[in-house]
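Novice: Could you work out the structure for the sequence below:
(one chain, ligands or ions: 1)
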Amino acid sequence: MRLLIENEVLPFVRKPGRYLGNEWNSVRKTWNAAQVRMVFAFPDVYEIGMSHLGLQILYGLVNQHPQYLMERVFAPGVDLEELLRTKGIPLFSLESCRPLKDFDVVGFTLQYELSFTNILNMLDLAGIPLQSRNREASDPLVIAGGPGAFNPEPLADFIDLFLIGDSEESLPELLSRLQALKQEGANRQQVIFQMAQISGVYAPSLYQPVYAPDGRLQETAPDLEGIPGRVAKRLVKDLDEAYFPLRPIVPTVEVVHDRIMLEVLRGCTRGCRFCQAGTIYRPVRERSQKVLLNQAMQVYWATGHEEISLTSLSTADYSCVQPLTTKLLDLFQEHRVGISLPSLRVDAFSVDLAQEIQRVRRSGLTFAPEAGTQRLRDMINKGVTEEDLFNAAKKAFRAGWHSIKLYFMIGLPMEQNEDLDGIVSLAYRVLAIGRRIKRETNQKKSPSVTISVSSFVPKAHTPFQWAAQDAIAELKRKQHYLKSRLKDRGIEVKWHQSETSFLEGVFARGDRRLGRVLEIAWNKGCKFDSWQEHFKFETWMESFAEAGIDPHYYTRMIPLDEVLPWDHIDSGVSKRYLIKEYQAALELVHTGDCRFDKCPGCGVCFELNVDVILKGGTGDAPSPNRIR
Ligand code: SF4
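Specialist: This is a model prediction of the structure:
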């Protein structure tokens, strides 16, 4: 197979390096020596997939086990797909060029709803039946994890098992159980039944949704004894103890994030009410500085990367971010390795930090006030004031940055035109600050402000999971409103296509009935839906019509007492807390961050017997600041 791929396929595709699989630190294990063989399937192209830390973690974790093997596959580019279909070659793994069908497990990561059709496409190219119920003993188990698994229902027809939460915890257990079941000669149904008893594993075929005559969901319940009614997420309790890849694969073609990724913490308890990551990754668990410094040095020597990115949902919140960055700078100065922060808080402290690590101010700085007025920022619990933004902007322009990017969301609940005017006003006032500082400091380069406007998409497991999503026409009106008022050569406005936000919203709160739409749309040629050049909105609408499904049903406001398609998936955060937060939003009441304040009772620590762990500063002790 390798010869066939290397001689008859790769010479004829663009970017063949995407499919070679012989990168530095990639692992090639002896096929016959492995007891369980898994392929990690990323439903987008190599450049995006290889920037994903989760892939590197699971790849290293599984391959360190002497009896398991993990290889990789990415969504093939359109040119490779065409060749594979013409020549009748099945989709193959990178490392051994084996057809995916030869593996015991094909594991997808669900990072984004608009990658779902790529999953169907990859299964089809691999010759694996799309529908879970049509698979036979010789077919691999098809599993999926990642944030998308927290509302698994739209993919329930296609995925045998979902891993809910941190897969480092559940995947080794799943592979070990599979190894034993293979030896026992268990059939497919027995395997799925046994797997569904592992904590954090959801087997959709063992749960049946029941709908009322008006189409509303009444329940999703297991139909066999011994299967849990709700599947609780798994979670790594102590990041210092968790596996971290010290020899990550070094990509051979340019990828989106080509650098060392140091995960300084997991989770965020700032409590932004629209943010799914802020709920599903709770609570905050930090890695100690000692472990991070050691990891940084080891990964550097194993890869030769020239940049270290401190990754997390909010790195400036790491309890000892300043000493950590100083130590990293000192440690890596002689190697000329830079440090970067992927996200900044809207405050002067973050600018100080960026100033310290970014000695050459080449790139712009990005802040996310999210909403244009204090009322709306209070509603989403953003905890950021105009003063915070202006102070951060002043500091940045004075420190030599010329360009500032501001992220906003439109379509938030309770949004009015005055909130859009607020975005306009903030943009002009930040630009005015930049121009004033340019005059005062005799700088040559003119300041610029980029306004990036995304559309609010209500997500499962958030306080806004019941909120309505703006219709496409309304989003377009708001975009036009902003564009017509932001006319200055110093301001650039960017936004997301409202049709893709609409589709994302449908699948984010979708139920099992959407599986049929997915299959129809894929059959009609939909794939790479998050890529503007491939997105076929009309085809999607035809597919909904053909399936007899109104997509607007999924973007409506949902009554608080309605059963939700993801109610049987337990993020650890209670529904009672989410309702309380939704009501607090409508009353503009702020909820504090449990790292520094009283525990507002989201429930995850009690439910999953875990604690907020802040150990950036001292090394080991949980935060003394948090009061239960
Ligand atoms: S239970 Fe309390 S302390 Fe734990 S994450 Fe939730 S709000 Fe924070």
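Novice: for the ligand, what are the nearby residues on the protein?
Specialist: Residues of the chain lying close to the ligand (Cβ under 6 Å from any ligand atom) are T269, R282, P283, C594, C599, P600, G601, C602, G603, V604, C605, V612. C-beta: built from backbone N, CA, C; applies to glycine.
Novice: I'd like the mean pLDDT over the one helix or strand A221 maps to, please.
Specialist: In this structure, A221 sits in strand 217-222 according to DSSP states H and E. Across strand 217-222, pLDDT averages out at 97.
Novice: Report the next helix or strand after it in sequence order.
Specialist: Per DSSP H and E, the helix or strand that comes after strand 217-222 is strand 231-232.
Novice: Pull out the buried residues from the helix or strand harbouring K476.
Specialist: Assigned by DSSP H and E, K476 falls within helix 472-485. Across helix 472-485, burial judged by 16 or more other Cβ atoms under 10 Å covers I472, L475, K476, R477, K478, Q479, Y481, L482, R485.
Novice: Check stretch 223-234 too.
Specialist: Using 16+ other Cβ under 10 Å as the test for burial, stretch 223-234 gives I227, P228, V231, A232, K233, R234.
Novice: Not counting its neighbours along the chain, what's nearest G601?
Specialist: Y577 (6.1 Å; Cβ to Cβ, 6 or more residues apart in numbering).
Novice: show me what contacts that neighbour?
Specialist: The neighbours of Y577, taking Cβ atoms under 8 Å, 6 or more residues apart in numbering as the test, are P600, G601, C602, G603.
Novice: Most neighbours among those, which one?
Specialist: C602 (25 neighbours; other Cβ atoms under 10 Å).
Novice: host element of that one?
Specialist: Going by DSSP H and E, C602 is not in any helix or strand.
Novice: Wait, it touches Y281, no?
Specialist: No - C602 is beyond contact range of Y281, at 12.0 Å (criterion: Cβ atoms under 8 Å).
Novice: What separation is there between R345 and S452?
Specialist: 17 Å (Cβ to Cβ, to the nearest Å).
Novice: who's more crowded, these two?
Specialist: R345 (21 against 16).
Novice: Contacts only, for the residue of the stretch 251-400 of the chain found nearest the ligand.
Specialist: Of all residues in the stretch 251-400 of the chain, the one sitting closest to the ligand is P283 (3.5 Å; Cβ to the nearest ligand atom). P283 makes contact with G267, T269, C594, V604, C605, V610, D611, V612, I613 under the criterion Cβ under 8 Å, 6+ apart.
Novice: Take those residues and keep only those in helices.
Specialist: The helices, defined by DSSP state H, take in V604, C605 from these.
Novice: List just the nearest of the contacts of P283 to I164.
Specialist: V604 (13.3 Å; Cβ to Cβ).
Novice: from memory the closest one sits against I280, does it?
Specialist: No - using Cβ under 8 Å, V604 is not in contact with I280, being 9.6 Å away.
Novice: Look up the residues that both of those two are in contact with.
Specialist: S571, V573.
Novice: okay, now the nearest residue to G54 once chain neighbours are set aside: neighbour count?
Specialist: Excluding the flanking residues, the one nearest G54 by Cβ to Cβ, 6+ apart is T109, at 6.0 Å. T109: 25 surrounding residues under other Cβ under 10 Å.
Novice: show me the contacts for the nearest residue to S403 once chain neighbours are set aside.
Specialist: Excluding the flanking residues, the one nearest S403 by Cβ to Cβ, 6+ apart is G364, at 3.6 Å. By Cβ under 8 Å, 6+ apart, the contact list for G364 reads W401, H402, S403, I404, K405, T450.
Novice: quick one: the fifth one and F367 touch, right?
Specialist: Yes - using Cβ under 8 Å, K405 makes contact with F367 at a distance of 7.4 Å.
Novice: who has more neighbours, the two?
Specialist: Higher neighbour count among K405 and F367: F367, with 23 against 17, using other Cβ under 10 Å.
Novice: Just say helix, strand or coil for that one.
Specialist: strand (DSSP: H, G, I helix; E, B strand; the rest coil).
Novice: what's the distance between the closest residue to E474 other than its chain neighbours and L329?
Specialist: Spatial nearest neighbour of E474, chain neighbours left out: G411 (7.3 Å); criterion: Cβ to Cβ, 6+ apart. For G411, the distance to L329 equals 41 Å [Cβ to Cβ].
Novice: Comparing the two, which shows the higher neighbour count?
Specialist: Using other Cβ under 10 Å as the criterion, G411 and L329 rank with G411 on top: 23 against 16.
Novice: Next up, the contacts around that one.
Specialist: Contacts of G411 (Cβ under 8 Å, 6+ apart): S455, F456, Q469, D470, E474, L475, K478, S501.
Novice: per-residue pLDDT, it?
Specialist: Value listed for G411 in the pLDDT field: 98.
Novice: about what we covered before: reformat the residues of the chain next to the ligand as TSV; add pLDDT.
Specialist: TSV is the format used below for the residues of the chain next to the ligand (pLDDT from 0 to 100):
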residue	pLDDT
T269	91
R282	95
P283	95
C594	92
C599	93
P600	94
G601	94
C602	96
G603	95
V604	95
C605	94
V612	87
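Novice: CSV for the residues you listed, including distance to L163?
Specialist: Converted to CSV, the residues of the chain next to the ligand look like this (distance: Cβ to Cβ, whole Å):
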residue, distance to L163
T269, 23
R282, 18
P283, 20
C594, 26
C599, 28
P600, 28
G601, 27
C602, 22
G603, 21
V604, 18
C605, 22
V612, 24
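Novice: quick check, nearest of those residues to T86?
Specialist: Checking the residues of the chain next to the ligand one by one against T86 (Cβ to Cβ), the nearest turns out to be R282, at 48.1 Å.
Novice: tally of neighbours for the closest residue to that closest one other than its chain neighbours?
Specialist: Computed as Cβ to Cβ, 6+ apart, the closest residue to R282 that is not its neighbour in sequence is V604, at 4.6 Å. Residues within reach of V604, counting by other Cβ under 10 Å, total 26.
Novice: ranges for the helices of the stretch 101-250 of the chain?
Specialist: Ranges of helices in the stretch 101-250 of the chain, per DSSP state H, counting those that start in this stretch, are 116-126, 167-184, 188-195.
Novice: Could you dump these into JSON lines and include distance to Q532 and mean neighbour count?
Specialist: Output for those, formatted as JSON lines (distance: least, Cβ to Cβ, whole Å; neighbours: other Cβ atoms under 10 Å):
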{"stretch": "helix 116-126", "distance to Q532": "15", "mean neighbour count": "24"}
{"stretch": "helix 167-184", "distance to Q532": "30", "mean neighbour count": "18"}
{"stretch": "helix 188-195", "distance to Q532": "38", "mean neighbour count": "17"}
